[in-house]
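Student: structure for this input, please:
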Amino acid sequence: MPYVIECLPASGFNPKNRQHLILIGTAADNPLIAELVSKHPELNIQFGLHATSIRDRFHDLANLDPRVTIVWEDAGTIPYSYSPVVTTVEGPEGSRIIDVNDFDQTLDYSRKLAGLREGAGFAMVPKGWFNLNWGNEFEHHKSFVLGERHPQFITQRLAEVQPRWEKPNELWEKNYHLAVQFYNEIMKCNSKPMTVTGLIEDGLFEARVQPSVAIFAETMWNPQRDPKVIRQFANRLESAVNNRIVP
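Tutor: Modelled structure (predicted):
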């Protein structure tokens, strides 16, 4: 089980945040990390960081103890963005849109992050699938026991949200080859194992596995295959799993 330290807000960079970066620093400077490592050297310590909070100041983390893995989030367009093709980035001059045409920029930035700290692995949170309506839906649902939803509710829920799944499924079909390229290029920048934790909110896996999720799973299984081969195996995975699901 990873021990996760979440630091810096996702809302935007503040020069005062540099104090947090210094505090997280090296094990020698940070009594929390030093204590954790001394008592439990087997811990996988992860430091969750939204790239939108630090942007070009990532060099401030170059001396972070290599036993701490930075988990990067929101570091550009595909495969980081909630939409597979477009995201909004906050900057000193306000917000701006970056889209799939900025993929090279995202890849270049991620190469820098992956090669920032010698001896430390690279971790990230890809997105691009269904996400909850946090303000209206998630925060106002009635009480329920996780994992105990009635099959009728699951079937009804799938019918409600499937139209919202169609767009990401379509966009992944057109652009998944960029994600395949991304993972292959990043693996060249860091010899340590790469940690990729996909964020799929309200996936409804009790009902079905979506095509875009199957593509992600097959890409993670072996991204070094030809993208067309990955797509073929994703079709097989989706069919095999969905044929076994009984709502």
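
Student: do you know the pLDDT at the residue nearest to the spatial centre of the chain?
Tutor: Geometric centre of the chain, nearest residue: Val125, 1.4 Å, by Cα atoms, centre = their mean. At Val125, the model reports a pLDDT of 95.

Student: likewise for Asn131?
Tutor: For Asn131, the predicted pLDDT is 76.

Student: that one should be in a helix, yeah?
Tutor: No. Looking at Asn131 with DSSP: H, G, I helix; E, B strand; the rest coil, it is coil, so not inside a helix.

Student: just checking, it touches Tyr82?
Tutor: Yes. Look at Asn131 against Tyr82 with Cβ atoms under 8 Å: they come within range, at 5.5 Å. For every residue, glycine as well, the C-beta is placed using N, CA and C.

Student: re the thing from before, hey, what's the residue nearest to the residue nearest to the centre of the chain when sequence neighbours are not counted bridged with?
Tutor: Nearest residue to Val125, sequence neighbours excluded (Cβ to Cβ, 6 or more residues apart in numbering): Glu73, at 4.2 Å. Beta-bridge pairing of Glu73 under DSSP bridges involves His50.

Student: count of residues packed around Glu73?
Tutor: 21 (other Cβ atoms under 10 Å).

Student: test my guess that the residue nearest to the centre of the chain contacts Leu199.
Tutor: Yes. Val125 is in contact with Leu199 according to Cβ under 8 Å; the separation is 5.4 Å.

Student: check what pLDDT Leu36 gets.
Tutor: pLDDT, Leu36: 81.

Student: quick one: it from Gln46, how far?
Tutor: Leu36 sits 12 Å away from Gln46, going by Cβ to Cβ, to the nearest Å.

Student: which positions in the longest helix that the chain contains come out as buried?
Tutor: Ranked by residue count under DSSP state H, the longest helix found in the chain is helix 151-187. By neighbour count with 16 or more other Cβ atoms under 10 Å, helix 151-187 contains the buried residues 154, 161, 165, 168-169, 171-172, 175-176, 178-180, 182-183, 186-187.
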